[in-house]
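1. For reference, the sequence and a predicted model appear below.
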Amino acid sequence: MKLIRPQWPVPDRVQACVSTRQGGRSRGVFQGLNLGDHVGDDPLAVAYNRAHLCEQLGLERPAQWLRQVHGVDVVQAADDGRVRQADACWSDQPGLACVVMTADCLPVFFSDGEKVAVAHAGWRGLVAGILENTLAVFDQPERVHCWLGPAIGPKAFEVGAEVRAAFCAAQPGAERAFQARAEAPGKYLADIYALARMRLEAAGVASVSGGEFCTLSDAENFYSYRRDGETGRMASLIWLA
């Protein structure tokens, strides 16, 4: 099992990681450590993968898994085993992990050392305010550190003019994150990392790190919906030790 650990200036009690597709019992198009139970994979393989991951991380309380809908709802994590519908969750309880799943969308980690949170930010959620809603659970945004996990990179994320227009209407300066494609009129390459940084900085976050991966171009380590269509999911987890 290969995990990616954030490099960010938070206390040691803040634990976080992103899974890769290395390891696990899933087969076929889901080959590896698929953690998505909604994509058509063998439920027994997914259950094993999830249990194996949590065991490797030393998590003794049930993690908070979400039913993600590309929305802007944020929930507080609980260890009752219920899957809650939201696109971000937070916790201030030791050993209780918050989880989001991705396969090109951007996972964003938050912590001020006392609370932790993680958000699933596809372009729809990002433009609609999922990061700002997640930040709102913290008392002082200027004390929050954020880390941008693996997502589709700026050389691979092609979008239409309507996506560019939506971001430009919502965020001053957003046009800088889009590059017109001369060979495809009306299409742009979007930098989702830059767009997330703009939104976080505008909301008062001074410390934003990460953003150096591309899930689409790294098939060895990452699932990618854009690349493969039918595919698995990575998980991003954060908790207080």
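-> That came through fine. Since the structure is predicted, the reported quantities are computational estimates derived from the model, not experimental observations.
2. CA atoms for contacts and neighbours, from now on please.
-> Will do.
3. Identify the residues contacting Ser207.
-> When contacts are counted by CA atoms under 8 Å, 6 or more residues apart in numbering, Ser207 touches 144-146.
4. Would you point out which residue is most central in the chain?
-> With distances taken as CA atoms, centre = their mean, Pro107 lies nearest the centre of the chain, 1.4 Å away.
5. Can you name the helix or strand that that residue falls in?
-> With elements taken from DSSP states H and E, the one containing Pro107 is strand 106-111.
6. What pairs with that strand, parallel or antiparallel?
-> Partner strands and pairing direction for strand 106-111 (DSSP bridges) are strand 116-121 (antiparallel), strand 145-148 (antiparallel).
7. In contact with Ala16: list those residues for me.
-> So Ala16 contacts 5-6, 236-239 (CA under 8 Å, 6+ apart).
8. That one falls within a helix, correct?
-> No. Secondary structure of Ala16 (DSSP: H, G, I helix; E, B strand; the rest coil): strand, not part of a helix.
9. For it, give its distance to Ile152.
-> Ala16 is 20 Å from Ile152, where distance means CA to CA, to the nearest Å.
10. neighbouring contacts of the lengthiest helix in the chain?
-> The residue-count maximum for a helix in the chain (DSSP state H) belongs to helix 43-56. For helix 43-56, contacts defined as CA under 8 Å, 6+ apart pick out 24-26, 33-37, 60.
11. picking up where we left off before, who wins for neighbours among the contacts of Ser207?
-> Scoring the contacts of Ser207 on neighbours with other CA atoms under 10 Å, the highest-scoring entry is Cys146 at 25 neighbours.
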